[in-house]
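*Asks:* Please find the sequence and the predicted model below.
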Amino acid sequence: MKWRLTGRYLASVVLIVVVVIFINILVATGTFIYQKVFAQHPFYQEEASAEAVTRSFSKEIVISESGMAITGQGKEMLEHNHAWIQILDEDGKQVYGYLVPSGAKTKYTPLDIVQTYKYIEKELMSTVFVGEKAGNGKRYSYLIGFQNPYLERNILTYDIRTVGRFLQIGILTVLCVDGFIALCIAYLFSKRLTRPLHALIDGIKQLAHKNYRVRYEIKGIYKDVFYNVNVLSEELRASEEERKKLDRMKEEWIANITHDIKTPLASVQGYAEMMKDKDYEFTVEEMRDYAEVIERKSLYLKDVIEDLNLSTRLKNKGLSLNLKSVNIVSLVRNAVIDTLNDARYGNRNIDFKYSDELILVEADDILIRRAVANLIYNAVVHNNEDVAVQVRVEKERDFVRIVVEDHGKGIKKEELERIFDRYYRGTNTGELHKGSGLGMAIAHDIVEAHGGEIHVASQLGRGTRIEMELGMTKAGDVSR
């Protein structure tokens, strides 16, 4: 597009120059015709040719003791140019003539010679030029008349100051006319060039005011700009819809998390008020039961707060990884054991397999264990108790794959696209663990922070498979 715009500008400049030159040619031609018709000041090349013939004709004149004569070549020259000649002596009397018209004078005074030279002889229908020939100690004048009706001569008399002023006015007039023409052409071109720019500026203003329905027909020299504005409008519209959707998710999540926090707080507050009330007398066993409930609810609140804190730090890239070489097999095995040791999931069937006993990974063991635990908990809370969960660690050439798979309820397609979004909790979440809605998003961000990848595949009613891939520790890094 840049070259097309440059080409248009260059074309406009060339067009202006060509038009101005063409108009100047027309003006010059018109002036010439005007002078021809009205001023009688034409300029012909024939005049110069007639003068040249007259100047060079002296060599064709032969002066001898017997009289005057002209050569045969001179006669041919005269006949070819439809001219005649009179040779005058020092007294202006004709001493020789060739093809002289019958009405010509035979004796000329100096004034007659001047008049004949300056003005066309109407009686002779000739334009006369004067030359000189010396011989036998005398000087002879000769008149050559050209009987060409198209040949004219005008004697111009002018004042150089007047000519100078005329040239100044003429040049100024030409510059003004040329400038006006150039401005007219430039205006027409710039109007055509700037009209779509005004439309683009208006469209950008609409985008600035969050009107993302801007659409342009892609044509003309700005078609690339129109295309990009359309793309920008579509992207902004999609971003706005995504932002609104995220805001709705945040509002729903805040409402859900507020409810989930209020429930354990109500339990903690209720038991605490009962325990401090003097009207109640509890046994030691009852006090321990109440304390256990308070502790469990407190731990739940702590987990929610930690999830919020960790999610924020991962999102803002504010978490420093404590990287070290760890055996990923032992790490995943411990995460499975911790899940089975949880009273809520002690009766679940979790099968653990691995391809090698020792697979070293450069990772932050606490965060990776948190990510694996989140994936296992996700498989447990979204399925019924009789659904088995398979956890595998598979060693590949330069990376390790951790797989958490089940054959349970599966995930709906519309939910599958949002499973790693913050603030999203699936509709199949079990009652045993409401959670913060950040578990899968935290697992995703932890894996990405380690330079790994996480993928999920699921079919409704057939189960879910989540794969987490991490780069393995190089041989030279094992000793660290």
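*Replies:* Now that the structure is in, tell me what you want to look at.

*Asks:* Every contact and neighbour count from this point should use C-alpha atoms.
*Replies:* Will do.

*Asks:* Whichever strand or helix holds Ala69 pairs with which strands, and in what direction?
*Replies:* For Ala69, the element it lies in under DSSP states H and E is strand 67-70. Using DSSP bridges, strand 67-70 pairs in its sheet with strand 61-64 (antiparallel).

*Asks:* Do a quick rundown of the helices in the stretch 301-450 of the chain.
*Replies:* 328-341, 365-381, 413-416, 439-449 (DSSP state H, counting those that start in this stretch).

*Asks:* Now mean pLDDT, mean neighbour count and distance to Phe226 too, for those helices, in JSON lines please.
*Replies:* JSON lines is the format used below for these (pLDDT from 0 to 100; neighbours: other Cα atoms under 10 Å; distance: least, Cα to Cα, whole Å):
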{"stretch": "helix 328-341", "mean pLDDT": "92", "mean neighbour count": "18", "distance to Phe226": "53"}
{"stretch": "helix 365-381", "mean pLDDT": "90", "mean neighbour count": "21", "distance to Phe226": "46"}
{"stretch": "helix 413-416", "mean pLDDT": "81", "mean neighbour count": "13", "distance to Phe226": "34"}
{"stretch": "helix 439-449", "mean pLDDT": "87", "mean neighbour count": "22", "distance to Phe226": "37"}
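
*Asks:* Would you mind listing the buried residues in stretch 76-91?
*Replies:* Of the residues in stretch 76-91, those buried by neighbour count under the rule 16 or more other Cα atoms under 10 Å are Met77, Leu78, Ala83, Trp84, Ile85, Gln86, Ile87, Leu88, Asp89.

*Asks:* Out of the helices of the stretch 301-450 of the chain, which gets nearest to Phe57?
*Replies:* Nearest to Phe57, of all those, is helix 439-449, at 106.8 Å by Cα to Cα.

*Asks:* now the longest helix along the chain: mean pLDDT?
*Replies:* Looking across the chain with DSSP state H, the single longest helix is helix 223-276. Summarised as a single mean, pLDDT over helix 223-276 is 80.

*Asks:* Output the contacting helices and strands for it.
*Replies:* Contacts defined by 3 or more Cα pairs under 8 Å, 6 or more residues apart in numbering; DSSP states H and E place helix 223-276 against helix 284-315.

*Asks:* Now do the helix it packs on against helix 439-449, angle only.
*Replies:* Orientation check (axes from the mean of the first three to the mean of the last three Cα atoms, to 10 degrees): helix 284-315 against helix 439-449 gives 40 degrees.

*Asks:* quick one, phi/psi of Asn384?
*Replies:* When quoted as degrees, to the nearest 10, the phi and psi of Asn384 stand at phi -70, psi 170.

*Asks:* Surely it is in contact with Gly408?
*Replies:* Yes: because the distance of 7.4 Å satisfies Cα atoms under 8 Å, Asn384 is recorded as touching Gly408.

*Asks:* Neighbour count: the two, which is higher?
*Replies:* Gly408 (23 against 14; other Cα atoms under 10 Å).
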